[in-house]
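S.K.: let me see the structure of the following:
(one chain, ligands or ions: 1)
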Amino acid sequence: MRLRDRPASPLPPGPPLPLLAQTPLLWLHRHRFLPAMRRRYGDVFTLHIAPVGTAVYLADPLLVKQVFQGSTAIYHAGEGNQILGAILGRRSVLLLDEEEHLGERRRMLPAFHGERVARTVELMAGLTRAEVARWPRHEPFALHERMRVLTLAIIVRVVFGVTDPARATALAAALTDVTDIKPWHMPAFASERVAAAAPWRVLRRRRAVADRLIAQEVEHHLAAGGLEERDDVLSMLLLSADGDATAARDQLMTLLLAGHETTASGLAWTFERLLRHPAQLARVQAGLGDDRDPYRDAVVKESLRVRPVIHDVARRLTEPVQVGKWPLPEGTVVLPSIGLLHADDRLHPDAAAFRPERWLEGGESSPYAWIPFGGGTRRCLGATFATTEMATVLRTVLQEVTLHAPDPADEPQRMSHITIVPTRGTLVEAA
Ligand code: HEM
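M.R.: Next up is the predicted model:
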């Protein structure tokens with residue numbers, strides 16, 4: 001409902017604290033702060049936080065559905081990502097809204113169709129076996145770090161299509177640097193003038209290196225020809241962009257940033273949860289011989305539910321909108337809360353429990369109760385890629401080694417870069 005002519009109305013309830021107090025509570029204690037806000041104020045509440053401003057959290061599936069199905073002219077997502085423009089490039093699908101966004105998205109969609117992704121499973125498994133062969137045996141190490149290396153290797157091979165090992169290593173190293181974005185790098189995105197000053201120039205220099213390597217890959221693809229016969233995403237992008245290397249480069253950087261850290265964190269949590277649930281681990285092990293064991297997919301789904309790697313998604317209102325009983329003014333940011341929906345006992349009975357079985361018992365209460373990949377026209381493009389990769393890596397790792405957690409206590413959740421990660425990095429021993 002459009003509300004342009006109505007007088008200003010109160011926002012949904014929220015804590016009577018200044019932005020300066022709410023911001024650290026959210027960024028440092030999100031996992032306690034947001035559930036506490038929901039208990040106190042209900043499924044819709046307002047926070048005032050930097051850098052977003054007025055933020056209305058939504059933990060009601062019906063309201064989340066309204067946002068995801070709403071007009072792309074009203075619910076903008078790209079605007080909020082402008083800060084990433086300098087690293088992703090202006091044509092990145094993450095930065096665009098409305099028609100421009102849909103155009104880029106449509107061009108990329110075919111590369112992520114299920115049948116196409118399924119063809120990459122053997123490649124993913126081979127890269128996983130090579131990675132596992134390098135792990136130490138009988139001594140503790142952080143599995144999350146190894147998952148970051150592996151998901152990057154998979155992107156370099158499957159998305160960028162690099163087959164030469166030396167070029168793959170050089171590209172992976174440059175891309176690791178460029179995605180290691182620290183808070184003090186951010187001013188480099190905000191202002192050209194500030195960015196010219198050290199130390200923020202560092203990130204731009206790193207990006208220039210990555211750019212050069214990506215440009216080489218693009219040239220390599222174009223020179224080699226036969227793009228139609230190749231399975232990698234870059235070939236598809238070049239074909240659909242009619243050889244427009246700039247657009248292809250921006251989308252490659254986007255896929256890297258959106259797909260690398262997220263999947264590594266998802267995998268780190270999958271192993272963290274399984275290693276603390278021996279019965280569930282045994283059931284996964286029993287199905288390793290089966291290419292399509294549905295229990296493995298249920299484990300991936302349950303891990304993404306109980307430990308979502310992204311806690312919420314955001315849309316900025318370009319005009320006043322009625323959301324449920326709340327008339328929200330233009331400029332408000334609404335945040336469908338993945339974390340709160342996934343932890344809701346009304347939507348997922350005994351929500352805190354890790355119980356993959358629930359997904360085999362057909363118990364999905366609402367399509368908007370499980371949304372680790374967001375929704376609507378902004379839903380994660382790589383969702384099938386990510387779940388296929390997670391199930392493949394899980395299977396291959398457990399075929400190669402036996403894992404055990406030296407410290408059986410649950411690993412607490414903390415923010416790192418753009419995702420929520422296990423605090424001890426999923427500490428394991430392999431045998
Ligand atoms: C477990 C792994 C992953 C998680 C949890 C995840 C989650 C998300 C979320 C929450 C969004 C925002 C959706 C919204 O605003 O409604 C998103 C967007 C996106 N993701 Fe993923 N993602 C994962 C892996 C990947 C992978 C592997 C790729 C590609 C290789 C990828 C590519 C993208 C792209 C391109 C977008 C932007 C879509 C658009 O704006 O139209 N993601 N992802």
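
S.K.: longest helix in this protein, please.
M.R.: The single longest helix within the chain, with elements called by DSSP state H, is helix 245-274.

S.K.: following element in sequence after it, please.
M.R.: helix 278-286 (DSSP states H and E).

S.K.: and the angle from that following helix to helix 245-274?
M.R.: Put simply, helix 278-286 runs at 120 degrees to helix 245-274, going by axes from the mean of the first three to the mean of the last three Cα atoms, to 10 degrees.

S.K.: gap between helix 278-286 and the chain center?
M.R.: Distance of helix 278-286 from its chain centroid, counting by Cα atoms, centre = their mean, to the nearest Å, is 27 Å.

S.K.: now do stretch 69-77
M.R.: Stretch 69-77 has its C-alpha centroid displaced from the chain centroid by 20 Å (Cα atoms, centre = their mean).

S.K.: who's in contact with Leu347?
M.R.: By Cβ atoms under 8 Å, 6 or more residues apart in numbering, the contact set of Leu347 is Pro61, Leu341, Ser365, Ser366, Ala369. (C-beta placed from N, C-alpha, C; glycine too.)

S.K.: kindly apply the preceding question to Val334 instead.
M.R.: Applying Cβ under 8 Å, 6+ apart, we find Val334 in contact with Ala55, Val56, Leu58, Val67, Tyr75, Ala314, Arg315, Leu317, Val323, Leu328.

S.K.: go with 10 Å
M.R.: Residues in contact with Val334 (Cβ atoms under 10 Å, 6 or more residues apart in numbering) are 44, 54-58, 63-64, 66-67, 70, 75, 312-317, 321, 323, 326, 328.

S.K.: report the secondary structure state of it.
M.R.: Val334 falls in the strand class when you classify it by DSSP: H, G, I helix; E, B strand; the rest coil.

S.K.: could you pull up the residues touching the closest residue to Thr388 other than its chain neighbours?
M.R.: Spatial nearest neighbour of Thr388, excluding adjacent residues (Cβ to Cβ, 6 or more residues apart in numbering): Val117 at 5.1 Å. By Cβ under 10 Å, 6+ apart, Val117 lies in contact with 111, 124, 158, 231, 233, 382-389.

S.K.: flag every residue of the chain that's near the ligand.
M.R.: Within the chain, the positions adjacent to the ligand are 77, 93-94, 105, 159, 254-255, 258-259, 262-263, 266, 309-310, 313, 372-375, 378-382, 385-386 by Cβ under 6 Å from any ligand atom.

S.K.: rewinding a little: out of the contacts of Val334, which are buried?
M.R.: By the neighbour-count criterion of 16 or more other Cβ atoms under 10 Å, those include these buried positions: 44, 54-58, 63-64, 66-67, 70, 75, 312-317, 321, 323, 326, 328.

S.K.: coming back round to it: buried sites along the longest helix of the chain?
M.R.: Residues 245, 247-274 are the ones in helix 245-274 that count as buried (16+ other Cβ under 10 Å).

S.K.: for this protein, which segments are assigned as strands?
M.R.: All strands of the chain, identified by DSSP state E, fall at 44-49, 53-58, 75-76, 141-142, 315-317, 321-323, 326-328, 333-336, 403-404, 413-416, 419-422, 427-430.

S.K.: comparing the ones you listed, which gets the lowest mean pLDDT score?
M.R.: Per-stretch mean pLDDT for those is lowest at strand 413-416 (a mean of 90).

S.K.: what pairs with that strand, and is each one parallel or antiparallel?
M.R.: strand 419-422 (antiparallel) (DSSP bridges).

S.K.: tell me which residues are up against the strand it pairs with.
M.R.: Residues from elsewhere that reach strand 419-422 (Cβ under 10 Å, 6+ apart): 30-31, 142-144, 148, 261-266, 268-269, 271-273, 307-311, 339, 410-416.

S.K.: can you do 7 Å?
M.R.: For strand 419-422, the external contacting residues (Cβ atoms under 7 Å, 6 or more residues apart in numbering) are 144, 261-262, 265, 268-269, 272, 309-311, 411, 413-414.

S.K.: thinking again about what came up before, considering the contacts of Leu347, which possesses the most neighbours?
M.R.: When neighbours are counted by other Cβ atoms under 10 Å, Leu341 leads these with 26 neighbours.

S.K.: which residues sit in contact with it?
M.R.: Listed by Cβ under 7 Å, 6+ apart, the contact set of Leu341 reads Ala59, Pro61, Val64, Leu347, Ala369, Ile371.

S.K.: show me the shaky parts of the stretch 251-400 of the chain.
M.R.: The stretch 251-400 of the chain contains residues with pLDDT under 70 at 363.

S.K.: switch the cut-off to 50
M.R.: Applying pLDDT under 50 to the stretch 251-400 of the chain flags no residue at all.

S.K.: circling back to that earlier point, can you list the contacts of Leu347 in TSV and add distance to Pro136?
M.R.: Listed next are the contacts of Leu347 as TSV, based on distance: Cβ to Cβ, whole Å:
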residue	distance to Pro136
Pro61	44
Leu341	39
Ser365	43
Ser366	44
Ala369	40
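
S.K.: among these, which are in helices?
M.R.: Mapping the contacts of Leu347 onto helices (DSSP H) picks out Pro61, Leu341.

S.K.: among the contacts of Leu347, which two are most distant?
M.R.: Leu341 and Ser365 (10.1 Å; Cβ to Cβ).

S.K.: ok, Pro140 touching Leu427?
M.R.: Yes. Contact criterion Cβ atoms under 7 Å: Pro140 and Leu427 qualify, at 5.4 Å.

S.K.: looking at those two, which has the bigger crowd around it?
M.R.: Neighbours per residue (other Cβ under 10 Å) separate Pro140 from Leu427, with Leu427 holding more: 18 against 15.

S.K.: list the contacts of the most centrally placed residue in the chain.
M.R.: Nearest residue to the geometric centre of the chain (Cα atoms, centre = their mean): Thr262, 4.0 Å. Thr262 makes contact with Val309, Ile310, Ala386, Thr419, according to Cβ under 7 Å, 6+ apart.
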